[in-house]
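Just to be clear, the model below is a prediction. Sequence and coordinates:
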Amino acid sequence: MRFSVYQVSRRGGREKNEDRMGYCYTRDSGLFALADGMGGHPEGEVASQLALQTLAAMFQRDAKPTLKEPMRFLHEAIIAGHHQLLRYATQKALIDTPRTTVVACVLQGNSAYWAHCGDSRLYLVRGDKLIARTRDHSYSELQETMSHVVPMPERFNRNVLFTCLGSPGKPVVDTVGPLLLQSGDRLLLCSDGLWGTVSDTVITEQLSRNGIADAVPELVEQALRNGGAKSDNVTVLAMEWESAEDNDSSGGVSTQSLGEEVFASTIQASVLGEAPADELDDAEIERSIREINEAIKRSSQKKP
């Protein structure tokens, strides 16, 4: 399995950045996830981090080195994150539960599977075409869908969601897959800080014209410029799929030399009680990649 990754999180005009993202993988399966802690509720950064930690922990437990049922895994892991938030709120005696959106994608074999709850999105671009995009769990998106069936004159605020992790009711989790990948396919996971001010057309054009290392920073800068002084935080995790038959192995991540029991992750084990940085800069990203590459090297040097 081979893929290239680029990730960045930038604080906009908010007091703090409650977005979190990361990825982890075994030899034959990869998990990519992004969560956006919701304002108006306590400890949004804890909510997004707990959601990712739960996904990563369950992936490490179940991917040996593949997931038996990726779609089922995604649904169960997201719901497990929801229950972790409820448990956390009870343990801390919080009046309200921390809440977050989440979008997650599994790459396994030559296929992609994804799931989401809320309005953090996934885009799949092939060549110059937008092949797939998640549909937000918001009243505005629901209204747009229903408007093709019945007239709906009233407009809803796009920020009003009807489901998320940490909500009183059971979250709605939409799953998609398997979708067969082609070499060069680009998947982008993002918080609403990106798509809220940058159109789907622009996102697609950037991903089709430029490599992810160039497209993602440009999209993030556009979102921050368009958002102005009160810009939302902007977080993006993008990957480009490379088939195992591709000859050029100079860039990206190759998992072919990993042992069956090796698990690598950029998702922190725990940040509870800590104050994470508001921005993930290039140095932090490079450090994470170095640590993963070192783990791969150690694994390949082990004797059978």
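In hand now; what should we look at? Residues are numbered from 1 along each chain as shown.

Quick check: nearest residue in space to T204, chain neighbours excluded?
Among residues not flanking T204 along the chain, L130 sits closest, at 4.5 Å (CB to CB, 6 or more residues apart in numbering). Bear in mind the C-beta positions are built from the backbone N, C-alpha and C, glycine included.

need the contact list for that neighbour.
Y123, L124, D200, I203, T204 (CB atoms under 8 Å, 6 or more residues apart in numbering).

just those now: which is nearest A77?
L124 (20.5 Å; CB to CB).

Could you check the pLDDT of the closest one?
Listed pLDDT for L124 reads 98.

Can you tell me which of the contacts of L130 are classed as buried?
Y123, L124, I203, T204 (16 or more other CB atoms under 10 Å).

quick one: secondary structure of the residue nearest to T204?
Put simply, L130 is strand when judged by DSSP: H, G, I helix; E, B strand; the rest coil.

do you know how far it is from A35?
Distance, L130 to A35, using CB to CB, to the nearest Å: 23 Å.

can you check S231 too?
19 Å.

try V160
In terms of CB to CB, V160 sits 19 Å off from A35.

Kindly report the same for E260.
For E260 relative to A35 (CB to CB), the value is 29 Å.

and the two? which has more neighbours close in?
A35 (35 against 11; other CB atoms under 10 Å).

Name every strand pairing with the helix or strand hosting the more buried one and say which way it goes.
Take DSSP states H and E as the rule and A35 turns out to sit in strand 29-37. Here strand 29-37 is paired, per DSSP bridges, with strand 19-25 (antiparallel), strand 100-108 (antiparallel).

Including distance to R209, could those go into JSON lines?
Formatted as JSON lines, the strands paired with strand 29-37 follow (distance: least, CB to CB, whole Å):
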{"stretch": "strand 19-25", "distance to R209": "23"}
{"stretch": "strand 100-108", "distance to R209": "22"}
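
For E221, find the nearest of these.
strand 19-25 (16.3 Å).

List the buried residues of that closest one.
D19, R20, M21, G22, Y23, C24, Y25.

just stretch 208-227 next, same as before
S208, I212, A215, V216, P217, L219, V220, Q222, A223, L224, G227.

can you check stretch 92-106 too?
T97, P98, R99, T100, T101, V102, V103, A104, C105, V106.

Between the two ends of that stretch, what distance do you get?
32 Å (CA to CA, to the nearest Å).

From the chain's centre, how far out is that stretch? Work that out for me.
Stretch 92-106 has its C-alpha centroid displaced from the chain centroid by 14 Å (CA atoms, centre = their mean, to the nearest Å).

looking only at pLDDT, what's the mean for that stretch?
Averaging pLDDT residue by residue across stretch 92-106 gives 95.

sorry, back to before: which one of the buried residues of stretch 92-106 sits closest to D174?
Nearest to D174 among these, with distances taken as CB to CB, is V103, at 9.8 Å.

Would you state the helices of the stretch 201-304 of the chain in chain order?
Along the stretch 201-304 of the chain, the stretches classed as helices by DSSP state H, counting those that start in this stretch are 212-227, 282-301.

least reliable of the ones you listed going by mean pLDDT?
helix 282-301 (a mean of 51).

what's across from Y113 in the sheet?
Under the criterion used here (DSSP bridges), Y113 is bridged to V106.

what's the spacing between it and A104?
Y113 is 9 Å from A104, by CB to CB.

between those two, what contacts are shared?
L74.

Point out where the stretch 1-150 of the chain drops to low pLDDT.
Scanning the stretch 1-150 of the chain for pLDDT under 70 picks out 141-150.

repeat for the stretch 151-300 of the chain
151-159, 243-251, 256-257, 261-262, 268-300.

So G252 sits against Y6, correct?
No: assessed by CB atoms under 8 Å, G252 is found out of contact with Y6, at 10.1 Å.

For those two, list the residues in contact with both.
Contacts common to G252 and Y6, judged by CB under 8 Å, 6+ apart, are absent.

Quick check: phi and psi on the residue nearest to V160 when sequence neighbours are not counted?
Excluding its sequence neighbours, the residue lying closest to V160 (CB to CB, 6+ apart) is Y139, at 5.1 Å. As for Y139, its main-chain torsions (degrees, to the nearest 10) stand at phi -70, psi -30.

tally of neighbours for Y139?
17.

Likewise for R87?
12.

mind checking how far M38 is from S254?
37 Å.

One more: Y113?
Y113 is 21 Å from S254, by CB to CB.
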